[in-house]
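*Asks:* here you go, sequence then predicted model.
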Amino acid sequence: MSARILFVTGTNTDVGKTVATAAVAAAALRAGRKVAVLKPGQTGVAPGEPGDAAEVRRLAGDLTFRELVRYPEPLAPDTAARRAGMAYLSPAEVAGAVAELASTHDLVLVEGAGGLLVRYDDEGRTLADQVRAVLDAGLPAEVLLVASAGLGTLNIVSLTAEALAARELPLTGVVVGSWPADPGLAERCNLADLPRSAGAPLLGALPERAGGAEDFADLAATALAPALGGTWNAEYFAQVHRPA
């Protein structure tokens, strides 16, 4: 059986992408699967400091994690590389790393930087191009979109879904990266509207500050749908939070 390869992207920065990646990893580890996490381009982290992949490992447990390149300034990867005088990251390099990890793991999670179309090089190539490179190599890549819960999220989810569809890249579903403890009307309505905007199912809702949970694996199992290894039920969750 071939490895599952899941590219995790966000509608923006700070939407809970790293915690969502960790949750999917934790659920897979609990099921006895061998998991690898790849961060192709880490920005805004100094040498020796823990990056996003290390944070995923801290939350999820014993897994393989790898960075391909690290740029010191918190900018888009192409800008950060140019300003640092460092080499750009190519889709072929990412595809090679994914193929290597997929040969020895059951699940490979690739966490992007920012959103789908953030640039990685001076030719304008993006995470979408990395997904395409993996698919063109004959590997079964999918995309998981992490979105915010509140007002304004539907437009950017629709734009991301359209960009994926235009490139014939598979969107497996959407996860809300930070579900508020006291959701308002927009958040409640978005539970029904997000899958319509994405053209893909809602596959989880991680509570805000999930990264501080005492038992992160338990939280992951209850916040992710069965398609991601959990027990979360989108229909029931929407019913509980149905707007008045």
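*Replies:* Alright, I've got the coordinates. Numbering: from 1, shown residues only.
*Asks:* check contacts around the closest residue to C189 other than its chain neighbours.
*Replies:* Closest residue in space to C189, ignoring its immediate chain neighbours: P243 at 5.6 Å, by Cβ to Cβ, 6 or more residues apart in numbering. For glycine as for every other residue, the C-beta is placed from the backbone atoms N, C-alpha and C. Contact criterion Cβ atoms under 8 Å, 6 or more residues apart in numbering gives L185, R188, C189 as the residues in contact with P243.
*Asks:* quick check: next helix or strand after the helix or strand encompassing K39?
*Replies:* Using DSSP states H and E, K39 sits within strand 35-43. Moving toward the C-terminus from strand 35-43, the first helix or strand encountered (DSSP H and E) is helix 52-60.
*Asks:* what angle sits between that next one and strand 35-43?
*Replies:* Calculated by axes from the mean of the first three to the mean of the last three Cα atoms, to 10 degrees, helix 52-60 forms an angle of 140 degrees with strand 35-43.
*Asks:* how about the residue nearest to C189, phi and psi?
*Replies:* The phi and psi torsions at P243 (degrees, to the nearest 10) take the values phi -70, psi 150.
*Asks:* how far away is it from V175?
*Replies:* In this view, P243 and V175 are 21 Å apart by Cβ to Cβ, to the nearest Å.
*Asks:* for the protein, give me the ranges with low pLDDT.
*Replies:* Screening the chain residue by residue with the criterion pLDDT under 70, one finds the ranges 1.
*Asks:* can you show me the strands along it?
*Replies:* Counting by DSSP state E, one finds strands in the chain at the ranges 4-10, 35-43, 64-71, 107-115, 141-147, 171-179, 202-207.
*Asks:* in helices, which of the contacts of P243 appear?
*Replies:* L185, R188, C189 (DSSP state H).
*Asks:* which single one of the residues you listed is nearest to R125?
*Replies:* C189 (36.1 Å; Cβ to Cβ).
*Asks:* and the closest one, how far from L154?
*Replies:* As judged by Cβ to Cβ, C189 and L154 stand 9 Å apart.
*Asks:* again with G48
*Replies:* Taking Cβ to Cβ as the measure, G48 and L154 are separated by 40 Å.
*Asks:* P77 too?
*Replies:* In this structure, P77 lies at 27 Å from L154, with Cβ to Cβ as the measure.
*Asks:* show me which of the two is the more surrounded one.
*Replies:* Neighbour tally, P77 and L154, criterion other Cβ atoms under 10 Å: the higher count belongs to P77, 26 against 19.
*Asks:* give the contact list for W179.
*Replies:* Remark: with contacts taken as Cβ under 8 Å, 6+ apart, W179 is in contact with A149, E187, A205, L206, P207, E208.
*Asks:* residue contacts, the closest residue to the last one other than its chain neighbours?
*Replies:* Spatially, and ignoring its direct neighbours in sequence, E208 is nearest to S178 (4.5 Å; Cβ to Cβ, 6+ apart). With contacts defined as Cβ under 8 Å, 6+ apart, the neighbours of S178 are V15, G16, V19, S148, A149, L206, P207, E208, R209, A210.
*Asks:* from W232, how far out is S178?
*Replies:* When S178 is compared with W232 (using Cβ to Cβ), they lie 15 Å apart.
*Asks:* for A23, same thing?
*Replies:* 10 Å.
*Asks:* out of the two, which sits in the busier spot?
*Replies:* For the pair A23 and W232, the greater number of neighbours falls to A23 (32 against 21), based on other Cβ under 10 Å.
*Asks:* ok, now how distant is the more buried one from E214?
*Replies:* For A23, the distance to E214 under the criterion Cβ to Cβ works out to 15 Å.
*Asks:* and T18, by the same measure?
*Replies:* According to Cβ to Cβ, T18 and E214 sit 19 Å apart.
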